[in-house]
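# Generate a structure from the sequence data that follows.
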Amino acid sequence: SDESEWKSDVLLSTLPRSWLEQDEIIDQVDFNEGRDQPGPIILGLALSKEQQRVVVIHDADFLSNSYLGNGANLDLGLNIINWLSHDDNFIDIPVKAARTIV
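Predicted coordinates for the structure are as follows:
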């Protein structure tokens, strides 16, 4: 491969059973063959070329104060920053176990 070309890796994507809805959402939502885009839908890409790195995320709200505490949003954001700054050794998203209700 040519070193001057961008290499891309899917960072985030939806499940194959998802789709990109093209119609106005009213009541029930159904997949419309030929109109809606079937999944998986790419939501984030990591691009690299020589020493350059870029991350493209569909929606950056996951890093806003309102959503930062949801799931692994903070860990994902920190790992993106570590990767962008070439600190690959620090990348780790720990698995969070669901709380059990007794």
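
# ok, the residue nearest to the spatial centre of the chain - contacts?
Centroid-nearest residue in the chain, with Cα atoms, centre = their mean: L12, separated by 2.9 Å. The contact partners of L12, taken as Cβ atoms under 8 Å, 6 or more residues apart in numbering, are I42, L43, G44, I57, H58. Quick note: C-beta positions are derived from backbone N, CA and C, even for glycine.

# so the last one sits right up against T14, yeah?
No - using Cβ atoms under 8 Å, H58 and T14 do not qualify as a contacting pair, with a distance of 9.9 Å.

# Now list whatever residues contact both of the two.
With Cβ under 8 Å, 6+ apart, H58 and T14 have common neighbours L43.

# Can you say which helix or strand has N32 in it?
Of the helices and strands defined by DSSP states H and E, none includes N32.

# Phi, psi for it please.
phi -110, psi 110 (degrees, to the nearest 10).

# Contacts only, for it.
Going by Cβ under 8 Å, 6+ apart, N32 touches Q22, D23.

# Likewise for the one 3 residues further on?
Each residue near R35 by Cβ under 8 Å, 6+ apart is listed here: Q22, D23.

# before we move on, the earlier item: out of the contacts of L12, who's nearest L74?
When these are compared for distance to L74 (Cβ to Cβ), I57 comes out closest, at 14.3 Å.

# Quick one: the strands in the protein, in order.
7-13, 19-20, 37-38, 42-49, 52-57 (DSSP state E).

# Please point out which parts of the first one sit buried.
The reference is to strand 7-13. Residues L11, L12 are the ones in strand 7-13 that count as buried (16 or more other Cβ atoms under 10 Å).

# Brilliant, that's me finished.
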